[in-house]
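S.K.: Just to be clear, the model below is a prediction. Sequence and coordinates:
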Amino acid sequence: MTTSEITWLLTGVSAGVIVTVFVYLVAFYVHAYRDLRAAEESLAQVRKFAATGDWYLALAARNVP
């Protein structure tokens, strides 16, 4: 192989690695964002449940003192 061929081979490998890392980081960010949104929605449901007083009725229905 000539020096030019080796240079192009290494350039292609480097570009492939960079693209792979970029795709991985984007997927990681999207997954983390979805987890955050799910946690926020769960917290909102808990706050709504606590604010409406339904928690007291739920405990009363289960005969919990």
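M.R.: Good, I have the coordinates. Numbers count the residues shown, from 1 in each chain.
S.K.: so how far is whichever strand or helix holds Asp35 from its chain's centroid?
M.R.: Assigning secondary structure by DSSP states H and E places Asp35 in helix 3-52. Distance, stretch centre to chain centre, for helix 3-52: 7 Å (CA atoms, centre = their mean, to the nearest Å).
S.K.: name the helices or strands packed onto the helix or strand just after that helix?
M.R.: Moving toward the C-terminus from helix 3-52, the first helix or strand encountered (DSSP H and E) is helix 54-61. In terms of contacts (3 or more CB pairs under 8 Å, 6 or more residues apart in numbering; DSSP states H and E), helix 54-61 is not packed against any helix or strand. (Each C-beta comes from the backbone N, C-alpha and C, glycine too.)
S.K.: ok, residues contacting helix 54-61?
M.R.: Helix 54-61 is contacted by residues Phe49 when judged by CB atoms under 8 Å, 6 or more residues apart in numbering.
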